[in-house]
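Asks: sharing a model prediction with you, sequence too.
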Amino acid sequence: ANASPETLKARQTALLAEASRIAAQASQADTPWQQLQIIHDQLIQNILYDTTLDQTTNNAASALLDHLTLCQGYAQSFQLITQQLGIPVILITGSSEGVDHAWNLVWLDGQPYHIDVTHDDPVPDGGANDQPTHINFLRSDAMMRQTHTWKAADYPQASSDGAHYYRLQDLTAATLDELDAQIAHFVGRTDFTDSQSDLLEILYLGDDLPDKSTVEELLINQLRDQTRLQTITYRAAIDKSIISLEVLTE
């Protein structure tokens, strides 16, 4: 608030330059949805969520230049970068878990989808080594309403659940047997000799969405069958029909 006009101008110039840098990197992807994924992942890997809830960081400049922000800073940054690619995007406001919240709507092939970068950025933050989740990436109204609320009349209806990250990369399962096969493949290709965590995300398309204990049992059985390791730390979560599994060798 007390910065000089020269300082503000310099900060604006730096902000636009950083947004252009990320947009240029994203533009190298083959498809618009992949361009959006690059932006989504870049923001997650380069920004920390400000757990002090300092509202002075809640803007795109703090997000892209200082790498620290809150939900509005994530959403403004995503909008600023995406606009440079010519992809229609707006900021949407509402709440999540009873807290005021902001995220984005984007249009692909004329269809709007929700993207919430903030909710896909884990806390505590893993920095550049974060493996971004895509639970809130190109999702429908119905899926987002599981955790978000907003005034529907104020925004276009996102009736289709794109979930492009999963559907277009064969990261789906419609039955427990298909899920077990995906987990088996994941465990089989995981390098348990390093200390890095490995993440599997699967969109479950069946009507019989398993609970967490069932998913954990499938993972444990595959780990027992395919490894001889004594200690493996794992995490399982289910959110918006996305099954997330993370394993780390100790």
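Replies: The structure has been received and is ready for your questions.
Asks: buried sites along the top helix by length along the chain?
Replies: In the chain, taking DSSP state H as the definition, the longest helix is helix 5-26. Buried residues in helix 5-26, counted by 16 or more other CB atoms under 10 Å: 15, 18, 19, 22, 23, 26. To be clear about C-beta, it is placed using only N, CA and C from the backbone, and glycine gets the same treatment.
Asks: so can I have JSON lines of the residues you listed showing pLDDT?
Replies: Compiled in JSON lines, these are given as follows (pLDDT from 0 to 100):
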{"residue": "15", "pLDDT": "96"}
{"residue": "18", "pLDDT": "97"}
{"residue": "19", "pLDDT": "97"}
{"residue": "22", "pLDDT": "98"}
{"residue": "23", "pLDDT": "98"}
{"residue": "26", "pLDDT": "98"}
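Asks: and these as CSV, adding distance to residue 223?
Replies: Listed next are these as CSV, based on distance: CB to CB, whole Å:
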residue, distance to residue 223
15, 45
18, 41
19, 42
22, 37
23, 41
26, 36
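Asks: what segments of the chain are strands?
Replies: 48-49, 68-69, 89-96, 99-108, 111-115, 137-139, 148-149, 172-173, 198-204, 232-239, 242-249 (DSSP state E).
Asks: can you list the strands that the fourth one pairs with?
Replies: If I follow you right, that is strand 99-108. strand 89-96 (antiparallel), strand 111-115 (antiparallel) (DSSP bridges).
Asks: quick one: mean pLDDT for that strand?
Replies: Model confidence over strand 99-108, given as mean pLDDT, is 97.
Asks: show me which positions of it end up buried.
Replies: Buried residues in strand 99-108 (16+ other CB under 10 Å): 101, 102, 103, 104, 105, 106, 108.
Asks: how far away is the fourth one from residue 155?
Replies: It stands for residue 104. Computed with CB to CB, to the nearest Å, the distance linking residue 104 and residue 155 is 11 Å.
Asks: ditto for the second one
Replies: Taken as CB to CB, the spacing of residue 102 relative to residue 155 amounts to 12 Å.
Asks: what do the two both touch?
Replies: With contacts taken as CB atoms under 8 Å, 6 or more residues apart in numbering, the residues that reach both residue 102 and residue 155 are residue 92.
Asks: find residues that contact each of residue 104 and residue 155.
Replies: 90, 92.
Asks: where does pLDDT dip in the chain?
Replies: 1, 124-130, 229-230, 250 (pLDDT under 70).
Asks: surely residue 95 is in contact with residue 147?
Replies: No: contact criterion CB atoms under 8 Å: residue 95 and residue 147 do not qualify, at 9.9 Å.
Asks: neighbour count winner among those two?
Replies: Each of residue 95 and residue 147 has its neighbours counted (other CB atoms under 10 Å); residue 147 has more, 16 against 13.
Asks: which residues does the residue nearest to the more buried one when sequence neighbours are not counted bridge with?
Replies: Closest residue to residue 147 apart from its sequence neighbours, by CB to CB, 6 or more residues apart in numbering: residue 96 at 5.6 Å. Beta bridges link residue 96 to residue 99, residue 148 when assigned by DSSP bridges.
Asks: report how many residues lie close to residue 96.
Replies: Count around residue 96 with other CB under 10 Å applied: 19.
Asks: and what of residue 133?
Replies: 22.
Asks: do the same with the one 5 residues further on
Replies: The burial count assigned to residue 138 is 26, neighbours taken as other CB under 10 Å.
Asks: okay but it is in contact with residue 158, surely?
Replies: No: the pair residue 138 / residue 158 is not scored as a contact, 9.2 Å apart, by CB under 8 Å.
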